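Asks: what would the 3D arrangement of this be:
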Amino acid sequence: MIKTKWTPMALMLSLFVVSFVSCDDKAEKSEDIAEANLSIDYEKYELENGLNVVLHKDTSDPIVSVAIQYGVGSNREKKGRTGFAHLFEHMLFQESENVPQDQFFKTIQDVGGTLNGGTWQDGTVYYEVVPNNALETVLWLESDRMGFLINTVTESAFANQQEVVQNEKRQRVDNNPYGHTSWVIDKNLFPDGHPYSWQVIGELEDLQNATVADVKEFYDKYYGPNNATLVIAGDFDDAKTKKLVEKYFGEIKKRQEVEPLAVQNVTLDATKRLYHEDNFATAPQLNMVWPAVEFYTDDAYALDFLGEILSDGKNAPLYRVLVEDMNLTSQPYAWNSADQIAGKFRISVTANSGVDLDSVETGITKAFALFEKEGVKESDIERIKAGQETEFYNGISSVLGKSFQLAQYDVFAGDPDFIEKDIQNIKNVSAADVMRVYEKYIKGKPFILTSFVPKGQLDLIAENSEKAEIVEEEITENVQTEIVENKKEIEKTPSKFDRSVPPAMGETPKLNIPDSWTAKLPNQMQVYGIVQNELPLVNFSLVMDGGHLLDDLSKNGVANLMSDILMEGTASKTPLELEEAIDRLGASIYMYTTNESIVIRGNTLARNFDKTMELVQEIILEPRWDEKEFARLKTSTINGIKRSDANPEVIANRVYNKMLYGEEHPLAQSTSGTIESVEAITMEDLKAYYENYFSPSVSKFHVVGDVSENKALAALEGFKENWKAKDVKIPEFPVANNRDKTSLYFVDVPNAKQSVINIGYIAMPRTDKDFYAAEVMNYKLGGSFSGNVNLVLREEKGYTYGARSGFSGTKIPGTFTASSSVRTNTTGESVSIFKDEIANYKAGISEEDLAFTKNALIKSNARRFETQGSLLGMLQERSAYGLDANYIEKEEATINNMTLEQHKALANKYLDESKMAYLVVGDAATQYQQFKNMGFDEVVLLDKDGKEVKLKEIKK
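Replies: Numbers count the residues shown, from 1 in each chain. Sure thing, here's the model as predicted:
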């Protein structure tokens, strides 16, 4: 389960709209604002047991979303039992009285749906999105765990999820650079015992000490219907749905009343300075945090604006001082975190390598002085508000997004209708308000300062800092605790009907693939489009073939810097002017580089599509080649490469690609390049790349949204007239799997709390006739939560937070990869389990598993066309691989026609574990030696760049 924090202030800021008004179009803009529908229609009622129910109809797609939010987060925990709300969330996915072990995920996937849950400081949410014929199934499942779960909680199931959550902590916190930062901040910002003084994930010791008795007490107190809001959004019948809600939830008894938590804002008497030598960091990071205020207050809204004004954009004081003047970092961040009972305001700066953090603190002080001198401009306020209409519509582009927003308002504000008040509160923020909260909460006030520095670089910490009291887990032998279960039959909670019988499914919704159109401009650029007018938005992308494949190996990273430099102004606009022009439209335009393409992607209001496309054409056709920005981008890229060396998962992917593709293949190299290659790149290299490879002849434009074919083509007139085609040859890089032995490679990351495991080989390109069939074949092995490798490594053993396997591929052959991050002392056994599961899979799967695979993949197509983003992805896949317009129907035919014999044949053809490469990135001192006795043809120790090193001194 994900551990997510949806802060209502941050979430709801996106629901306000105001357009930046220029002098010559005030009337048009004002009219647009007046006519914009900035609300979500809904019906709310309450059951006799106190359950709040919110219904929202949306018949645009044959799907429905269900979200249940409970008024309990980590803020309801006791000291000594931290992490319990999140641990309990995991327990609700195990089993209930009428739903067997691990069947929550399997049942939803079997009907073609998706599900998950999330816990944060102030709440917990569970959600599903399914084809509309499965709504009753979801209500059956959700009601069973709300009212019929606690009698099934066993010692073994609880122990398993304790292990899973501890692995989640290791993966997200302990094994990551700067992972302990929030722990240090909150422990020192909030007094002992304050509900925000501990982390949602909790302490390892507390997680280990939790008991089944704690589970029952927590469930009885916080998981009653009177502490929850149920939101159903999508395509459903109102009357029938209300009857189903009453049937499944109406008989659940009300539980204890949950008293609202009082606001507990804090103050500091003095500044506290703390430091930590970070085992995974390669660059120093400084954080400054001030106590602030809870959400939905006037000050919280103004503090949100303050964060954006201080750090967002090239004109922001922190950016101008720390990046442009002092060259200390590539991007500072400032933001307000307003929560239910308290808040905090934070500035975070990951400095360039070797920068002492005293200079960063000095720079922040200078930025404050600049802010005080210049004040808050009305243009700052307008800039922040300008993009909110686009953000509002993006936020409600899916039924799940609507469910979340309605639930949040109901739980935290007491009414889904709070949207209008929230919007008005944001509209009311003035420049004077922003300066007022700066002076009230920030200027001259005590704060928490943290310095996280790489191991051995204590000279970089801020002056007068004390060591933070971080307790790091020791790596020990894996000891399994034997739990003897009482096998007696559980006592079922009485019900008015037989809940053990799953509801009958209605008729499966018909697959309706949206109509699309295609065109080709005279300059050879191909255009793909889908009209979708559910929202007044347009999403688009321009994909230019080549990308990283066109880089000179000695200067890897040119294509990546190309996509960066083109966003830094145009021939007629400075970088700041281009940024402001995009902001005025409430649009988003960005560029990125992949192995095989350079992409410019955007999102805008339909009424601003023409003007947004004018900017896109200006960006592509009129580059500025700004030398100052080029130097900054090189520094930023180099520092990013250095920081990536700290992340075990990044190290694993980099070394894995080199192992499989060989050092000289482009796919073995990062698109960002290396420190040496980026240092060697000049502006002339970028200009040469642009002159040689930027051409409409290798470009495809994709557009989805509230824009007709004619209007879309008219908006591309500038490209048609001013972009001339060139003859661009994309080089081919043949690659094949030539492995004739089983090799295990080990990269040492001393004291790693988890080992990253990647296992695989070079398989086939996306264009291979077997590619999609192989994906289908892999589904039950590791293509979903219910895949065999995840069920064993996570659900049975508790060794990991998740395990997966799958095929990747483009025009170049991709890989088959099985991967996971596992607890360090289970590394050897986990590799063996992967090896065994892959080998056993070739013996064939059952009829039941094949039926599950077919249902999950075919029925999920009902969700496939909901958002503009998903439709844009469909068009991009078509254009990249030359797929027919009906390729999804062909994929369905592949699924439907698959037999057990075909499945087995595919597994035997594409899953030869004896010819795979095995990579482990972890603590060599405790884990390396065991692999010498595990039957591998060779065991090789590598450094973080994938080069072989000699074993000097590794302790057993």
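Asks: state the mean pLDDT of stretch 912-931.
Replies: Average pLDDT, stretch 912-931: 93.
Asks: renumber starting at 72 from here on
Replies: Yes, from this point I'll number from 72; that puts the last item at stretch 983-1002.
Asks: now do it: distance from first to last residue.
Replies: 20 Å (Cα to Cα, to the nearest Å).
Asks: do you know the pLDDT at residue 938?
Replies: 93.
Asks: how close does it get to residue 899?
Replies: Residue 938 sits 43 Å away from residue 899, going by Cβ to Cβ, to the nearest Å. C-beta coordinates here come from the backbone N, C-alpha and C atoms, glycine included.
Asks: please identify which of the two sits among more neighbours.
Replies: Set side by side, residue 938 and residue 899 show more neighbours around residue 938, with 23 against 19, by other Cβ atoms under 10 Å.
Asks: where exactly do the helices run in the stretch 922-1027 of the chain?
Replies: 939-952, 958-968, 971-981, 995-998 (DSSP state H, counting those that start in this stretch).
Asks: turn those into a markdown table, including distance to residue 205 and mean neighbour count.
Replies: Shown next, in a markdown table, are the helices of the stretch 922-1027 of the chain (distance: least, Cβ to Cβ, whole Å; neighbours: other Cβ atoms under 10 Å):
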| stretch | distance to residue 205 | mean neighbour count |
| --- | --- | --- |
| helix 939-952 | 19 | 19 |
| helix 958-968 | 18 | 15 |
| helix 971-981 | 25 | 16 |
| helix 995-998 | 44 | 20 |
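Asks: kindly reformat these as a markdown table containing distance to residue 237.
Replies: Shown next, in a markdown table, are the helices of the stretch 922-1027 of the chain (distance: least, Cβ to Cβ, whole Å):
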| stretch | distance to residue 237 |
| --- | --- |
| helix 939-952 | 34 |
| helix 958-968 | 37 |
| helix 971-981 | 33 |
| helix 995-998 | 18 |
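Asks: could you point out which of the ones you listed sits nearest residue 1011?
Replies: Nearest to residue 1011, of all the helices of the stretch 922-1027 of the chain, is helix 995-998, at 11.7 Å by Cβ to Cβ.
Asks: show me what that closest one packs onto, helices and strands only.
Replies: Helix 995-998 sits against strand 814-819, with contacts defined as 3 or more Cβ pairs under 8 Å, 6 or more residues apart in numbering; DSSP states H and E.
Asks: quick check, distance from the strand it packs on to the centre of its chain.
Replies: Here strand 814-819 is found 29 Å from its chain centre; the criterion is Cα atoms, centre = their mean, to the nearest Å.
Asks: which other helices and strands contact it?
Replies: helix 719-732, strand 988-993, helix 995-998, strand 1009-1013.
Asks: hmm, who's touching that strand?
Replies: 722-723, 726, 730, 902, 988-996, 998-999, 1002, 1005, 1007-1015, 1017 (Cβ atoms under 8 Å, 6 or more residues apart in numbering).
Asks: from these, which would you call buried?
Replies: 722-723, 726, 730, 902, 988-996, 998-999, 1002, 1007, 1010-1013, 1015, 1017 (16 or more other Cβ atoms under 10 Å).
Asks: helices of the stretch 722-871 of the chain, start to end?
Replies: Going by DSSP H, counting those that start in this stretch, the stretch 722-871 of the chain shows helices at 746-751, 754-764, 780-786, 788-793, 842-853, 859-861.
Asks: out of those, nearest to residue 249?
Replies: Across the helices of the stretch 722-871 of the chain, closest to residue 249 is helix 746-751 (Cβ to Cβ), at 20.9 Å.
Asks: pull out the buried positions in the closest one.
Replies: Here helix 746-751 shows 746, 748-749, 751 as buried, counting by 16+ other Cβ under 10 Å.
Asks: same thing with stretch 867-879?
Replies: In stretch 867-879, counting by 16+ other Cβ under 10 Å, buried: 868-878.
Asks: how about JSON lines for these, with distance to residue 596 and pLDDT added?
Replies: Listed next are the buried residues of stretch 867-879 as JSON lines, based on distance: Cβ to Cβ, whole Å; pLDDT from 0 to 100:
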{"residue": "868", "distance to residue 596": "52", "pLDDT": "91"}
{"residue": "869", "distance to residue 596": "53", "pLDDT": "89"}
{"residue": "870", "distance to residue 596": "50", "pLDDT": "93"}
{"residue": "871", "distance to residue 596": "46", "pLDDT": "93"}
{"residue": "872", "distance to residue 596": "44", "pLDDT": "90"}
{"residue": "873", "distance to residue 596": "41", "pLDDT": "94"}
{"residue": "874", "distance to residue 596": "43", "pLDDT": "96"}
{"residue": "875", "distance to residue 596": "37", "pLDDT": "97"}
{"residue": "876", "distance to residue 596": "38", "pLDDT": "98"}
{"residue": "877", "distance to residue 596": "33", "pLDDT": "98"}
{"residue": "878", "distance to residue 596": "31", "pLDDT": "98"}
